[in-house]
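1. Structure, please.
(2 chains)
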Amino acid sequence: MTFDRKRIGIVCPYGWDTPGGVQAHIADLATFLISQGHHVSVLAPTSEEANLPDYVVSAGKPISIPYNGAVARILFGPIAFSRVKSWIAQGDFDLLHLHEPAIPSISLLACFAAEGPLVGTFHASAKRQKAIFAIGPILEPVIEKLTARIAVSEAARETLTEHLETDAVVVPNGIYARRLAQGSLNPQWEGNSIGFIGRFQEPRKGLSILVDALPAIIGEVPDIRIIVAGPGDAEEFLEGVPSHLHSRFSFLGRISEQEKADFLHSIGVYVAPNTGGESFGIILAEALAAGAAVVASDIPAFQALLGNGKYGSLFASEDSSSLAESITALLKDRKTREQLKLDGKVYAQNFDWDEVANRIYDVYEMAMVGLGKVTLSSENRGWNKFLGK
Amino acid sequence: MNFKSLLLLFLIAIFAWYLSFLATRLDRLHHRVETSWANLDGLLQRRAAIAIEIARSEIADPASSLLLTFAAHQARDASVKDRSQAETGLSGTLGILLETSETMQGAIEQELLRELSDLNEKIKVAISLHVESVNRTQLIRSKWIIRTFRLAGRAPLPVTYEFEADVL
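-> Prediction:
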């Protein structure tokens, strides 16, 4: 498919240097759009200016603040705001794509400062909070400026309708399904192994539930091993684990994309015991694409992604005995496991970037109809003139 | 000038700013309703054109060809009032045809069907954008402050367009 070349500005609310779902999504989307011949500029908070991809522009150093059960690295304040404005004024963009414009970071500032074709993507899903009643009226006129809204999952869309009373088009997160599907078997990881990828020390990732379930699993499958990949301090984590279980764990640290494909392809089962705060579950989609048999907690996002258990086994969230049952059942039943792997792999093709990025671009096209270029909104233009800028 | 009258002036200025802020906001929404409608209208017109092409191609048998041509012309000629009904009729006819024509071989036919399904995806998005902008505008216009100060001016109240999203 050929497109007109456009100038697209993307705003990332979280620190670019910390790994995370939103950052990864933006990096992949930007790479895809550039490969299609578009000009892309990503504005993001960064701690270090070195080693940034060409398309990333720094908006300043992020500030760490607890948000939605994790530490969010975001950026706001008058200096950031003026950087956002000058980025918009100089960028001459045909379209701005703002990620998470409802959280207090530079996406919100950009949404406030800009006018024209604006697309917002909402990633987070959260339970209805009291604070929203206070924040709602402030956010409403800003969020209203978005020409089109995208939610990455049904859960994110529900959050949006509940909190801000607006609807959105659902376009799932993208993965490189084809690349992941080409992993090769690594005997080190094969057999009765349980795999996990992510920041394992974060409580909401739920790895402690797996630790609690472990004795029961050992009773049924004596040679079970747990292989954990992802950033974190392994020794600190093991302090919270009974010492006779230590030998069961091995930690790989951060792994490359190729290793990830091999890892997911080789392990016995992939487990996602997350207790919440998850909106889509990109790692589950990747695990499916690589052909892993998946056991996940029955939080709404995972239920939706796994088709209510059609493409993976679900257990009662935060219940270690239910987790132990699901894992042993799957490890012992080779036939079901192979069937799940096969079905999951085909299903996960729906999340491939080619598919997803084209759908996002469809939304872009509609947002750009008849609105011209992105400019600073009239309120801000007035202020700039007044201040002699 | 004493303090009280200064304060009063200040409050009036703030109120005036707030009114102009609301008016800008409303103006933006009205503008969006028009562009999202223009966008949707364009896509629906294209769909009608493709429907006629399909009616003339090998895909449709004479009976469905007749039905399709009729539905497509109705959709194109419909007045604003009857538009949604006519479009729903066309969606239905196309839906039935697509269900029964999955085994089409010819390259041109394949191309037509692919174009139609791409277009249907886009129409879905366009509908949700339009419905959203209409709902928003209606919501804002129902606020008492906007009604009292007639901030909407003479812009017509956007009409909710009934779509049967499931037939698309």
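2. hmm, who's touching the helix or strand hosting residue A:286?
-> Assigned by DSSP states H and E, residue A:286 belongs to helix A:282-289. Identification of contacts with helix A:282-289 by C-beta atoms under 8 Å, 6 or more residues apart in numbering or on different chains yields A:21, A:24-25, A:172-173, A:175-177, A:180-181, A:195, A:197-198, A:260, A:264, A:270, A:272, A:294, A:296, A:302, A:305-306, A:311-312, A:344-345, A:347-349, A:351-352. C-betas here are computed from N, CA, C, even on glycine.
3. on contacts alone, who are the packing partners of the helix or strand that it is followed by?
-> Note on helix A:282-289: by DSSP H and E, the next helix or strand toward the C-terminus is strand A:294-297. Other helices and strands packing on strand A:294-297, by 3 or more C-beta pairs under 8 Å, 6 or more residues apart in numbering or on different chains; DSSP states H and E, are strand A:269-272, helix A:282-289, strand A:313-315, helix A:320-332.
4. quick one: average pLDDT of the first one?
-> To tie it back to what came earlier, the one meant is strand A:269-272. Averaged across strand A:269-272, the pLDDT comes to 92.
5. Need phi/psi at the residue lying closest to residue A:65 once chain neighbours are set aside.
-> Nearest residue to residue A:65, sequence neighbours excluded (C-beta to C-beta, 6 or more residues apart in numbering or on different chains): residue A:72, at 5.6 Å. In terms of degrees, to the nearest 10, the main-chain angles of residue A:72 are phi -100, psi 140.
6. Which stretches in chain B count as helices?
-> Shown for chain B, the helices assigned by DSSP state H span residues B:3-56, B:62-77, B:80-100, B:107-141, B:144-148.
7. Chain A: which of those is closest?
-> Ranking the helices of chain B by proximity to chain A (C-beta to the nearest C-beta) places helix B:3-56 first, at 4.1 Å.
8. touching chain A at all, the closest one?
-> Yes. With C-beta under 8 Å from any C-beta of the partner chain as the criterion, chain A is reached by helix B:3-56 at B:21, B:24-25, B:28-29, B:32, B:34-36, B:38-39, B:42.
9. which regions of the stretch 151-300 of chain A lie under the pLDDT threshold?
-> Of all residues in the stretch 151-300 of chain A, none has pLDDT under 70.
10. rewinding a little: show me how to select, in PyMOL, the buried members of the contacts of helix A:282-289.
-> Buried subset of the contacts of helix A:282-289, written as a PyMOL selection, criterion 16 or more other C-beta atoms under 10 Å in any protein chain shown:
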select buried, chain A and resi 21+25+172+173+175+176+177+180+181+195+197+198+260+264+270+272+294+296+302+305+306+311+312+344+345+347+348+351+352
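11. picking up where we left off before, got the helices of chain B as CSV, with mean neighbour count and mean pLDDT columns?
-> Output for the helices of chain B, formatted as CSV (neighbours: other C-beta atoms under 10 Å in any protein chain shown; pLDDT from 0 to 100):
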stretch, mean neighbour count, mean pLDDT
helix B:3-56, 16, 89
helix B:62-77, 17, 85
helix B:80-100, 17, 80
helix B:107-141, 18, 85
helix B:144-148, 11, 83
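12. Of all the ones you listed, which one is nearest residue A:244?
-> Between residue A:244 and those, the tightest spacing by C-beta to C-beta is seen for helix B:107-141, at 55.3 Å.
13. Hey, what's the angle from that closest one to helix B:3-56? Just curious.
-> In terms of direction (axes from the mean of the first three to the mean of the last three C-alpha atoms, to 10 degrees), helix B:107-141 departs from helix B:3-56 by 160 degrees.
14. by contact count, what packs against helix B:107-141?
-> Secondary elements touching helix B:107-141 (3+ C-beta pairs under 8 Å, 6+ apart): strand A:148-151, strand A:169-170, helix A:353-368, helix B:3-56, helix B:80-100.
15. at 7 Å what do you get?
-> On a contact count with 3 or more C-beta pairs under 7 Å, 6 or more residues apart in numbering or on different chains; DSSP states H and E, helix B:107-141 meets helix A:353-368, helix B:3-56.
16. ok, which stretches of the stretch 201-350 of chain A are helices?
-> Ranges of helices in the stretch 201-350 of chain A, per DSSP state H, counting those that start in this stretch, are A:207-220, A:234-239, A:257-266, A:282-289, A:300-305, A:320-332, A:334-348.
17. typo on my end, the stretch 51-200 of chain A
-> For the stretch 51-200 of chain A, the helices defined by DSSP H, counting those that start in this stretch cover A:78-91, A:106-113, A:131-143, A:154-164, A:177-180.
18. Show me the least confident stretch of the ones you listed, going by mean pLDDT.
-> In terms of average pLDDT, helix A:131-143 trails the rest of the helices of the stretch 51-200 of chain A, at a mean of 74.
19. Report the contact partners of residue 112.
-> I'll assume chain A. By C-beta atoms under 7 Å, 6 or more residues apart in numbering or on different chains, residue A:112 lies in contact with residue A:142.
20. hm, I was asking about chain B
-> By C-beta under 7 Å, 6+ apart, residue B:112 lies in contact with B:50, B:53-54, B:57, B:59.
21. distance of it from residue B:93?
-> As judged by C-beta to C-beta, to the nearest Å, residue B:112 and residue B:93 stand 15 Å apart.
22. Nearest residue to residue 67 in space, ignoring adjacent ones along the chain?
-> By default, I'm working from chain A. Nearest residue to residue A:67 in three dimensions, chain neighbours excluded: residue A:103, at 6.9 Å (C-beta to C-beta, 6+ apart).
23. oops, I was thinking of chain B
-> Residue B:67 sits nearest to residue B:93 (C-beta to C-beta, 6+ apart), 5.4 Å away.
24. What lies in contact with stretch B:134-148?
-> By C-beta under 7 Å, 6+ apart, stretch B:134-148 touches A:144, B:22, B:25-26, B:29-30, B:33, B:152, B:157-158, B:160.
25. Check stretch B:44-58 too.
-> By C-beta under 7 Å, 6+ apart, the list of residues contacting stretch B:44-58 from outside reads B:60, B:65, B:68-69, B:72, B:75-76, B:87, B:90, B:94, B:106, B:108-109, B:112, B:115-116, B:119, B:123.
26. With just CA atoms, put that stretch into PDB.
-> Extracted in PDB, the C-alpha atoms of stretch B:44-58 (Å, rounded to 0.1, in the frame of the first residue of the first chain):
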ATOM      1  CA  LEU B  44     -20.700   6.000   1.900                       C
ATOM      2  CA  GLN B  45     -20.700   7.400  -1.600                       C
ATOM      3  CA  ARG B  46     -17.700   5.400  -2.500                       C
ATOM      4  CA  ARG B  47     -19.400   2.300  -1.100                       C
ATOM      5  CA  ALA B  48     -22.500   2.900  -3.200                       C
ATOM      6  CA  ALA B  49     -20.300   3.300  -6.300                       C
ATOM      7  CA  ILE B  50     -18.500   0.000  -5.500                       C
ATOM      8  CA  ALA B  51     -21.900  -1.600  -5.000                       C
ATOM      9  CA  ILE B  52     -23.000  -0.600  -8.400                       C
ATOM     10  CA  GLU B  53     -19.700  -2.000  -9.900                       C
ATOM     11  CA  ILE B  54     -20.300  -5.200  -8.100                       C
ATOM     12  CA  ALA B  55     -23.800  -5.400  -9.400                       C
ATOM     13  CA  ARG B  56     -22.400  -5.200 -12.900                       C
ATOM     14  CA  SER B  57     -19.700  -7.700 -12.300                       C
ATOM     15  CA  GLU B  58     -19.700 -11.500 -12.300                       C
END
